[in-house]
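Undergrad: Turn this into a model:
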Amino acid sequence: MKSLNILFEHPKWQNPLFEVLDRRGIAYEKCDLKKGRIDDTTAAGNTVYFNQASPSAYLRGNTHAVPWALSLMEILESDGADVINGSNAFRFELNKALQSRVLSREGIDHPKTISFNHIDALSDDIGMTFPAILKPNQGGSGARMFKVESIDEVRKILTGDENLWQPDYVMLLQEYLPHDHVVRMEFLDGELLYAMKVFVEGEVFNLCPSEECNPGDGSEGACAIDLSVVPPRFEPFADVPTAAVAIGKRICKLGGLDVAGIEYLETPDGRRVFYDINANSNLRKPIGEHFGFDPFERVADFLVKRMNA
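TA: Just a heads-up that it's a prediction; the model follows:
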């Protein structure tokens with residue numbers, strides 16, 4: 001049986017999984033990506049590595065954790081290690097422009113997207129209808145997202161705060177689509193774990209399902225994003241259309257995702273639009289319990305399966 005090592009950066013998101021592993025007596029090591037070191041004689045060992053790094057690390061002052069995670073995973077993979085949601089999956093998560101291109105190529109409905117690295121690359125005739133969404137290529141927790149009404153407003157926002165370009169200095173201008181709610185499907189080992197509907201009031205972009213960020217009891221969450229507005233509401237969704245699940249599975253294969261949270265919305269004119277792909281999937285325990293299981297127990301089962309492979 002292989003040993004287990006969990007790569008993480010957030011101080012609390014992984015605690016529910018750690019608690020399950022501890023309770024079941026499953027031995028594991030913690031690799032905190034905020035402070036790391038490796039040399040060319042360090043062996044990967046007979047180990048399964050579970051990547052739980054998050055693109056939003058830069059919001060917590062941990063910008064260096066993301067490139068370190070990529071470098072570390074590539075080193076481990078070069079030694080033949082089994083890395084769950086490894087470097088290819090993580091790169092796919094970090095690059096929303098790439099996600100958009102892949103969905104376009106595969107004929108999967110998604111918001112029209114224009115990516116750019118300088119304001120001067122924009123012009124009034126770029127073919128984007130307004131309102132639109134301005135967002136970072138490397139996203140996370142709905143950070144640095146704006147609903148904009150014109151190219152002039154985009155220019156004003158980006159010239160007003162140079163920090164908005166960080167961490168990778170690529171921004172997206174994306175089609176805005178009216179909707180009543182979004183659906184988030186959680187996938188584990190290529191299969192649907194559960195789905196939920198997410199409802200928001202107003203222009204709220206932080207839909208993080210972690211109970212640390214958006215507690216179910218209405219208390220204040222420990223999130224890097226200001227939630228002075230009404231937080232999102234999460235409801236179990238049992239009757240997910242079969243076609244939506246099939247597309248979600250297909251996206252997992254396209255991105256090499258072992259674990260994923262994939263979101264779509266439905267517009268008033270009948271479009272089902274896939275707009276967000278997450279590899280670091282923060283599960284919401286009450287949703288799983290509604291369906292009769294603890295989702296973190298299911299993740300533990302999956303990890304044990306990989307350790308025995």
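
Undergrad: my guess is Leu21 contacts Tyr28, does it?
TA: Yes: the pair Leu21 and Tyr28 qualifies as a contact (Cβ atoms under 8 Å) at a distance of 5.5 Å. Glycine gets a C-beta too; all of them are placed from N, C-alpha and C.

Undergrad: Residues in contact with both of these two, list them for me.
TA: Common contact partners of Leu21 and Tyr28 (Cβ atoms under 8 Å, 6 or more residues apart in numbering): Leu4.

Undergrad: so which strand or helix has the spatially closest residue to Ile251 that is not a sequence neighbour?
TA: With sequence-adjacent residues excluded and distances taken as Cβ to Cβ, 6 or more residues apart in numbering, Ile251 is closest to Ile262, at 5.6 Å. In the assignment (DSSP states H and E), Ile262 maps to strand 259-266.

Undergrad: For that strand, which strands pair with it and how are they oriented?
TA: Strand 259-266 has these partner strands in its sheet, going by DSSP bridges: strand 182-188 (antiparallel), strand 272-278 (antiparallel).

Undergrad: pull the CA atoms of the last one into PDB?
TA: What that stands for is strand 272-278. Output of strand 272-278 as PDB, limited to C-alpha atoms (Å, rounded to 0.1, in the frame of the first residue of the first chain):
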ATOM      1  CA  ARG A 272     -27.100  25.700 -20.600                       C
ATOM      2  CA  VAL A 273     -23.800  27.400 -20.300                       C
ATOM      3  CA  PHE A 274     -20.700  26.000 -18.600                       C
ATOM      4  CA  TYR A 275     -18.700  28.800 -17.200                       C
ATOM      5  CA  ASP A 276     -16.400  27.600 -14.300                       C
ATOM      6  CA  ILE A 277     -14.100  24.700 -13.800                       C
ATOM      7  CA  ASN A 278     -12.500  24.000 -10.400                       C
END
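
Undergrad: Give me the buried positions along the helix or strand following it.
TA: Moving toward the C-terminus from strand 272-278, the first helix or strand encountered (DSSP H and E) is helix 285-290. Within helix 285-290, the residues that count as buried by 16 or more other Cβ atoms under 10 Å are 285, 287-288.

Undergrad: Same list (the residues you listed) but as TSV, adding distance to Ile277 and pLDDT.
TA: Listed next are these as TSV, based on distance: Cβ to Cβ, whole Å; pLDDT from 0 to 100:
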residue	distance to Ile277	pLDDT
Lys285	22	95
Ile287	19	97
Gly288	21	97
